[in-house]
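Participant: Sequence and predicted structure, then a few things I'm wondering about:
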Amino acid sequence: MTASEWKNKLYYGDNLVWLRDKDHFPNESVDLIYLDPPFNSKANYNVIFKEPGGSESPAQMRAFDDTWSWDSSASAEALAELGKTKADLVELIQWIASHRDRFSTSMAAYISMMAVRFVELHRVLKPTGSLYLHCDPTASHYLKMVLDSICRPDNFTNEIVWKRSDAHSDIGQGARHMGPVHDTLLLYRKSDQATYNSIFRPLPESTVTSWYRYVEPETGRRYNKADLSGPGGAAKGNPVYEWRGITRAWRFSKERMEELEQKGRLVYSKSGIPYLKRYLDESKGIPLQDWWDDIQMLRGIQKGERLGYPTQKPLALLERIIQTSSNEGDVVLDPFCGCGTTIVAAHKLNRQWIGIDVTWLAVDLIEQRLQGNYGEGIKETYVVYGKPYDEPSARALADKSKKEFELWALSLIGAAPRGRNGGVDGLLLVVESKDKSAKVIAQVKGGKSLAPTIVRDLIGTVEKEKAAIGLLITLEEPTSSMRELAVHAGSYSSPIWGKSYPRIQIRTVGELLKGTGFDLPYGESPMKKATLLKGKGRTARML
């Protein structure tokens, strides 16, 4: 496939299932992998995972839960799968789990979940590729042992410390520890052929003033004096010769020294020792080190980039990773892509990209983010795999997860999920006047049992919420009594349009997929463009 034929890809579903599909993920097909998985931090992040065989584990059934537990059936399945390729990791996991305390068994479950995915990620990585694992001290040391086994210790390249915040102190709440202010990035390369582009940071002002303290009278250029002695002396193979009366091992050959002399790049001390002039205006800066303290985390008070996603990382962080370990046109994969920061950074830097996430919330948010940044035309450059496209696939999603079905159904109408909040699953806002908006609430019913009471309850919720319109999305065909109740629920008169809209409206998923949407007051208006409030306003409410 040529670069012009490439379609960027979003995958909805369990990343392990997708990664094992070799038609979609052939061997050695990805240039760079970045993953920011849950950290086993006991925090509720709304993610559903499966066990290695693809079945739903009783240890991991709770949606969006970054807490891992272990039971005999789940452990047997995971260890059997992993034992096919990595017997040493099975021993490690069994040893961790054997301690039988809550932390150990939870960690064993988490490590097994990650290990089987690392095996597949290593398979799809090119020999010139690199893998960045974003983690925190909760599990970073365990994960490094796993990656050492899969990638080999000699391919471990760096442990990068990202100082994500300033002081963090819980002393007022009785904390007796130092403030945690960093995350860890473990960098592994597939081989010594891995792509690496040097990144330079600006020189600190203190370095400029203290180190480049000499000024060339003829030009006014600042410079420092670099030692020309050969490091390690003659024993390290440095040439030994006499230069201007001084004999020693030198850094450069005599021919090179003569060339530097002719170019005016040598300066001498009072005792006649030569030094190399290094000009400030020729300095690229400081090569990137493994301590990153110049990229701040996204704070709650920030506007613009922040989307409200709980584990969102700064765009600058991903741009640095992508620029360092890939080239334009390379394929970047994020198997836990969340709100899509990796995707946005890769697109911005002219890389091809692949993202996988197990929640429709994330996939929909990424699409909204891409369209917000690049316009509707961006849809032509990527394809989404795994999303329902007809009634049978929608029914399969509802059978698998009612919550995921609900999120997907709401995305069909551009509604922001609101959760189980007084019978409101989703929310839209439509413009009523120059400075006023009206609420449109939505409910989703993915079950097979439909009755008129559902419509009566929606009417009551519309009144309680003081909403303009109530929308009902059903998987199955509603009864005639339900439709009759909706017709008799009255109408909403839009001041901006000067027309009325049914107060209660019902559409099936099949109707929405075929393009029969709800009748809502939005579009171009002589007074103002009245539209559903999407983009940044919408994503900020999604969680």
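Facilitator: Looks like it came in fine.
Participant: so what's residue 225 up against?
Facilitator: Counting by C-beta atoms under 8 Å, 6 or more residues apart in numbering, residue 225 touches 214, 267, 275-278. In this view, the C-beta of every residue, glycine as well, is placed from N, C-alpha and C.
Participant: tell me how far stretch 456-468 is from the chain's mean position?
Facilitator: Distance, stretch centre to chain centre, for stretch 456-468: 37 Å (C-alpha atoms, centre = their mean, to the nearest Å).
Participant: contact partners of that stretch?
Facilitator: Under C-beta under 8 Å, 6+ apart, the answer for stretch 456-468 is 422-424, 430, 432, 438-441, 443, 469-470, 472, 485, 489, 492, 503-504.
Participant: Can you give the domain ranges for the chain?
Facilitator: Domain ranges of the chain: 3-39+125-198+290-385, 201-282, 392-539, per automatic domain parsing.
Participant: where does the stretch 201-350 of the chain dip in pLDDT?
Facilitator: For the stretch 201-350 of the chain, applying pLDDT under 70 flags the ranges 299-304, 308.
Participant: thinking again about what came up before, could you dump the contacts of residue 225 into JSON lines with secondary structure and distance to residue 206 added?
Facilitator: What follows is these, written out as JSON lines (DSSP: H, G, I helix; E, B strand; the rest coil; distance: C-beta to C-beta, whole Å):
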{"residue": "214", "secondary structure": "strand", "distance to residue 206": "16"}
{"residue": "267", "secondary structure": "strand", "distance to residue 206": "23"}
{"residue": "275", "secondary structure": "strand", "distance to residue 206": "21"}
{"residue": "276", "secondary structure": "strand", "distance to residue 206": "22"}
{"residue": "277", "secondary structure": "strand", "distance to residue 206": "21"}
{"residue": "278", "secondary structure": "strand", "distance to residue 206": "17"}
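Participant: from these, which single one is nearest residue 145?
Facilitator: Nearest to residue 145 out of the contacts of residue 225 is residue 278 (C-beta to C-beta; 42.4 Å).
Participant: wouldn't the closest one be in contact with residue 221 here?
Facilitator: No: with contact defined as C-beta atoms under 8 Å, residue 278 and residue 221 do not form a contacting pair (10.5 Å).
Participant: picking that back up, in the contacts of residue 225, find the pair that's most separated.
Facilitator: Using C-beta to C-beta, the contacts of residue 225 span at most 11.9 Å, a distance reached by 214 and 276.
Participant: between the two, what contacts are shared?
Facilitator: By C-beta under 8 Å, 6+ apart, the residues touching both residue 214 and residue 276 are 225, 267.
Participant: what about residue 222, distance to residue 10?
Facilitator: Applying C-beta to C-beta, to the nearest Å, the value for residue 222 to residue 10 is 50 Å.
Participant: Can you report how many residues neighbour residue 514?
Facilitator: Using other C-beta atoms under 10 Å, residue 514 is surrounded by 11 other residues.
Participant: From residue 443, how far out is it?
Facilitator: Taking C-beta to C-beta, one finds residue 514 at 21 Å from residue 443.
Participant: Residue 456 belongs to a strand?
Facilitator: No: assigned with DSSP: H, G, I helix; E, B strand; the rest coil, residue 456 falls outside any strand and is helix.
Participant: Distance check, it against residue 463.
Facilitator: Residue 456 is 11 Å from residue 463, by C-beta to C-beta.
Participant: more crowded one of the two?
Facilitator: residue 456 (14 against 11).
Participant: ok, that one to residue 331 distance?
Facilitator: 53 Å.
Participant: Residue 261 too?
Facilitator: Distance of residue 261 to residue 331, computed by C-beta to C-beta: 49 Å.
Participant: Just want to know which of the two has more residues nearby.
Facilitator: Ranked by neighbour count (other C-beta under 10 Å), residue 261 and residue 331 place residue 331 first, with 21 against 13.
Participant: Surely that one and residue 354 touch.
Facilitator: Yes: between residue 331 and residue 354 there is a contact at 6.5 Å, judged by C-beta under 8 Å.
Participant: what residues do the two have in common as contacts?
Facilitator: Residues touching both residue 331 and residue 354 by C-beta under 8 Å, 6+ apart: residue 30.
Participant: Which members of the contacts of stretch 456-468 are positioned in helices?
Facilitator: Judged by DSSP state H, the contacts of stretch 456-468 include residue 485 as members of helices.
Participant: Just the buried subset of the contacts of stretch 456-468, please.
Facilitator: When neighbours are counted using 16 or more other C-beta atoms under 10 Å, the contacts of stretch 456-468 contain these buried positions: 424, 430, 432, 438-441, 443, 469-470, 472, 485, 489, 492, 503-504.
Participant: quick check, nearest of those residues to residue 35?
Facilitator: Nearest member of the buried ones among the contacts of stretch 456-468 to residue 35, counting by C-beta to C-beta, is residue 424, at 34.3 Å.
Participant: Give me the number of neighbouring residues for residue 381.
Facilitator: The tally of other residues near residue 381 (other C-beta under 10 Å) stands at 14.
Participant: Good, we can wrap up now.
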